[in-house]
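Peer 1: Here is the input, now give the coordinates:
(2 chains)
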Amino acid sequence: MSTATGDGAAGGTGDTGGRPGAATRAARGAGAVAMDLFRKSWFVILILVVWWAVSASGLVDPYKLPAPGDVLSTLGTLFTDRALLDDLGATLLRLVEGWAIGVVAGVLLGILTGGSRFLEDGIRPVIAGLQAVPTIAFLPLAILWFGFNGTAVLAITAFGTFKPMALATYGAMHQISPTLMMAGRALGARGLFMQRTLIFPAIVPSLVTGLKMGWSFAWRALMAAEIVVTGAAGLGGVLELGREIGAIDVVMAVILVILVVGIVTEQLFFTRLERWVNRRWGLVGAR
Amino acid sequence: MEQPALRVSGACKTYDRSDHAALLPTSFEVARGEFVSLVGPSGCGKSTLLGMIAGLLAPDEGSIEALGKPVTGPGDGRAIVFQDAALFPWLTVFHNVEYGLRAHKVPKAERRERVENALRLVHLDHVADKHPYELSGGMRQRASIARALVMEPEILLMDEPFSALDAQTRTILSDELQRIWLETRPAVVFVTHNLIEAAFLSDTVHLLSSGPGRIVKTYDVDIPRPRDEADPALLELRHDMLDRLRAEVDDAAERRAQVAEVSAL
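Peer 2: Coordinates of the predicted model:
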């Protein structure tokens, strides 16, 4: 947890951290940026080159490993006839819905029961136990309950998010400063008012890290479920269809899309959210 | 006969996992509008005593009455200021000060007026919209004092409020606290390990000693207000208290040596 917060803080302060002389920095600027870019991307480039070389050499059957260019052009086709766009939309919608349901349910359960030793001691081990089971193992159950459809997939996604969120909430509540709790009690905060105005805001910085974890659990559960429940639109269904018809370029194109979605949400959403919360909560500031 | 603001009768406390008493049975009273300090070295039970008065800790035995009613929990005319300010980091100064009023369902217009008055009193009206991390340690502690004062407490409890501050800020805030107290006149129980601070601010100083914690001497400070920290009478009082504390420390060392001798036999 602290590692992730540290990452956010480093990202937030790195470029203002006491380097001497603006002029020197400007002179070094362009070169430094290029160097930075290279340091972070050389391995990706290497993979692409090896991939291209192997497929160009003809040593591997193109039905097992298509050329990078072929995968890219397939990706283009898939997007231009809009089918993949619809699938991507359906998957993202389900992801956001399932994740949001899981987050709200997990945090609510954590906050409402975490204040009581009795409730927490009873409930927490059960959730920790469930967390030890891969969420996808509950898919058959979800299908029997909700049918072979998008609802079952949504339920699995929500459940996959719910477990780590509830555990993260319990963990965060144990880290609230006792003085802060005492200050709140001494000012007259009780019960629901205290949960809403003190406990919840106090755990937000740790929850943001939990949100990211919940998102990755949701993403995994969703993909696994979509590959099985292929009736509804979604990226998982396209992957499975690609396997059925033996179209490896489609399979790899979809994997690329999944990869990009992961990176983009992480960078665009969670890193920004973390930075904003850290600043707002004074975790990177005067102290 | 006026009822005291606070009556502590035989309150004592032992912590789990330690056989020695954190605080032996202790009794004293605080009159309405009186400024009382509890002074002593760490481990003398002064913060424990304050916690019990605040209603955040229950005494093992004995009782504590605030404004004629037994203390069973926090609040109820008592406000507390902590050593590390304990401001809510996600709220602005304004909303921090407003928090207790919201908890007590005070209407919005009244909240606004009372918060603004409290902030003016501690000279923080210009930073009402800042967050705690944007403030210096001294300003944070001012905000924390405003958060307590806005509740218009009859009893203000302060747990080493200036001990995390640098010497200059501490002197300035002591002065300010004297002024604020003269303007608002709550009864104050002020915990500190700084003898001159206690002497400067208080009507009555209870000197505590450790091992086990207890009040060893009580001083009445009859110096007219407003006072000056450089007043020779204060320095003399500080000297007396220091002598007394030294004697206590020597006694304690001797007692420990005797115990060691006895157990070695």
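
Peer 1: Need the single longest helix in chain A, by residues.
Peer 2: The single longest helix within chain A, with elements called by DSSP state H, is helix A:22-57.

Peer 1: Run through who's touching the helix or strand following that one.
Peer 2: Next along the chain after helix A:22-57, taking DSSP states H and E as the criterion, comes helix A:68-80. With contact meaning CB atoms under 8 Å, 6 or more residues apart in numbering or on different chains, helix A:68-80 is reached by A:48, A:51-52, A:55, A:62, A:66, A:84-85, A:238, A:247, A:249-250, A:252-254, A:256-257. For glycine as for every other residue, the C-beta is placed from the backbone atoms N, C-alpha and C.

Peer 1: What residues does the stretch 51-200 of chain A have near chain B?
Peer 2: A:177, A:179-180, A:182-190, A:193, A:197-198 (CB under 8 Å from any CB of the partner chain).

Peer 1: follow-up on the earlier one: so for the longest helix of chain A, what gets flagged as buried?
Peer 2: Of all the residues in helix A:22-57, those buried under the rule 16 or more other CB atoms under 10 Å in any protein chain shown are A:51, A:55.

Peer 1: re the thing from before, which of the residues of the stretch 51-200 of chain A next to chain B fall within helices?
Peer 2: A:179, A:180, A:182, A:183, A:184, A:185, A:186, A:193.

Peer 1: Most neighbours among these, which one?
Peer 2: residue A:183 (28 neighbours; other CB atoms under 10 Å in any protein chain shown).

Peer 1: Close to chain A: what parts of chain B are there?
Peer 2: B:54-56, B:73-75, B:78-80, B:82, B:84, B:86-91, B:99-100, B:102-104, B:131-136, B:147, B:151.

Peer 1: which of those count as buried?
Peer 2: B:54-56, B:74-75, B:78-80, B:82, B:84, B:86-91, B:99-100, B:102-103, B:131-133, B:135, B:147, B:151.

Peer 1: Out of the residues of chain B next to chain A, list just those in helices.
Peer 2: Using DSSP H, these in helices are B:54, B:99, B:100, B:102, B:103, B:147.

Peer 1: can I get those in JSON lines with pLDDT?
Peer 2: Output for those, formatted as JSON lines (pLDDT from 0 to 100):
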{"residue": "B:54", "pLDDT": "91"}
{"residue": "B:99", "pLDDT": "96"}
{"residue": "B:100", "pLDDT": "95"}
{"residue": "B:102", "pLDDT": "96"}
{"residue": "B:103", "pLDDT": "94"}
{"residue": "B:147", "pLDDT": "95"}
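
Peer 1: Would you point out the most distant pair within those?
Peer 2: Greatest spatial distance among these (CB to CB): B:54 and B:102, at 20.1 Å.

Peer 1: Where is the longest helix in chain B?
Peer 2: When chain B is parsed with DSSP H, its longest helix is helix B:232-264.

Peer 1: And that helix, what's buried?
Peer 2: B:234, B:237, B:238, B:241, B:245, B:248.

Peer 1: cool, and stretch B:53-63?
Peer 2: B:53, B:54, B:55, B:56, B:57, B:59, B:62.

Peer 1: still on that earlier bit, what pLDDT, on average, does the longest helix of chain A get?
Peer 2: Mean pLDDT, helix A:22-57: 83.

Peer 1: just checking, what packs against that helix?
Peer 2: Applying 3 or more CB pairs under 8 Å, 6 or more residues apart in numbering or on different chains; DSSP states H and E, one finds that helix A:22-57 makes contact with helix A:68-80.

Peer 1: and the helix it packs on, how far from the chain's centre?
Peer 2: Its chain's average C-alpha position is 26 Å from that of helix A:68-80, according to CA atoms, centre = their mean, to the nearest Å.

Peer 1: ok, now stretch A:121-133?
Peer 2: The answer for stretch A:121-133 is 22 Å, by CA atoms, centre = their mean.

Peer 1: Tell me the buried residues in that stretch?
Peer 2: Buried-residue list, stretch A:121-133, by 16+ other CB under 10 Å: A:123, A:124, A:127, A:130, A:131.

Peer 1: Please convert the ones in helices among the residues of the stretch 51-200 of chain A next to chain B to TSV, extending it with pLDDT and distance to residue B:253.
Peer 2: Shown next, in TSV, are these (pLDDT from 0 to 100; distance: CB to CB, whole Å):
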residue	pLDDT	distance to residue B:253
A:179	90	33
A:180	93	38
A:182	90	34
A:183	92	37
A:184	93	41
A:185	90	39
A:186	90	37
A:193	94	50
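
Peer 1: now the helices: where do they sit in the stretch 101-250 of chain A?
Peer 2: Secondary structure of the stretch 101-250 of chain A (DSSP state H, counting those that start in this stretch): helices at A:117-131, A:139-146, A:150-174, A:178-186, A:191-194, A:200-228, A:235-244, A:248-264.

Peer 1: most tightly surrounded among these?
Peer 2: The highest average neighbour count among the helices of the stretch 101-250 of chain A, using mean count of other CB atoms under 10 Å in any protein chain shown, belongs to helix A:150-174 at a mean of 24.

Peer 1: Check the buried residues of stretch A:121-133 against chain B and report the nearest one.
Peer 2: residue A:124 (23.8 Å; CB to the nearest CB).

Peer 1: so what's the closest one up against?
Peer 2: Here residue A:124 is in contact with A:167, A:170 (CB under 8 Å, 6+ apart).

Peer 1: again, only using 7 Å
Peer 2: Applying CB atoms under 7 Å, 6 or more residues apart in numbering or on different chains, we find residue A:124 in contact with residue A:170.

Peer 1: nearest residue to the residue of chain A found nearest chain B other than its sequence neighbours?
Peer 2: Nearest residue of chain A to chain B, counting by CB to the nearest CB: residue A:282, 2.8 Å away. Closest residue in space to residue A:282, ignoring its immediate chain neighbours: residue B:133 at 2.8 Å, by CB to CB, 6 or more residues apart in numbering or on different chains.

Peer 1: Report the secondary structure state of residue B:219.
Peer 2: Secondary structure assignment for residue B:219 (DSSP: H, G, I helix; E, B strand; the rest coil): strand.

Peer 1: In contact with it, which residues?
Peer 2: B:205, B:207, B:237, B:241.

Peer 1: Residue B:80 contacts residue B:52, correct?
Peer 2: No - in this structure, residue B:80 is not within contact of residue B:52 by CB atoms under 7 Å, at 11.9 Å.

Peer 1: Could I get the buried residue list for stretch B:113-133?
Peer 2: B:114-115, B:118-119, B:121-122, B:124-125, B:127-128, B:131-133.

Peer 1: Now do it: distance from first to last residue.
Peer 2: Start to finish, the residues bounding stretch B:113-133 are 25 Å apart (CA to CA, to the nearest Å).

Peer 1: now swap in stretch B:71-82 and tell me
Peer 2: 19 Å.

Peer 1: From the chain's centroid, how far away is the longest helix of chain A?
Peer 2: With CA atoms, centre = their mean, you get 26 Å for helix A:22-57.

Peer 1: Let me know the pLDDT of the closest residue to chain A within the stretch 101-250 of chain B.
Peer 2: Residue nearest to chain A within the stretch 101-250 of chain B (CB to the nearest CB): residue B:133, separated by 2.8 Å. With respect to pLDDT, residue B:133 has a value of 90.

Peer 1: now swap in residue B:212 and tell me
Peer 2: Reported pLDDT for residue B:212: 81.

Peer 1: Where do the strands of chain B begin and end?
Peer 2: B:6-14, B:21-30, B:35-39, B:61-66, B:69-70, B:78-81, B:155-159, B:187-192, B:204-209, B:214-220 (DSSP state E).

Peer 1: picking up where we left off before, tell me the one of the buried residues of stretch B:113-133 nearest residue A:38?
Peer 2: In terms of CB to CB, no member of the buried residues of stretch B:113-133 lies closer to residue A:38 than residue B:133, at 36.5 Å.

Peer 1: thinking that closest one is in contact with residue A:279, fair?
Peer 2: No - using CB under 7 Å, residue B:133 makes no contact with residue A:279, being 8.6 Å away.

Peer 1: Who are the contact partners of the nearest residue to residue B:91 once chain neighbours are set aside?
Peer 2: If the residues on either side of it in the chain are set aside, residue B:91 comes closest to residue B:99, at 6.9 Å by CB to CB, 6+ apart. Residue B:99 sits next to A:187, B:88, B:91, B:147 when contact means CB under 7 Å, 6+ apart.
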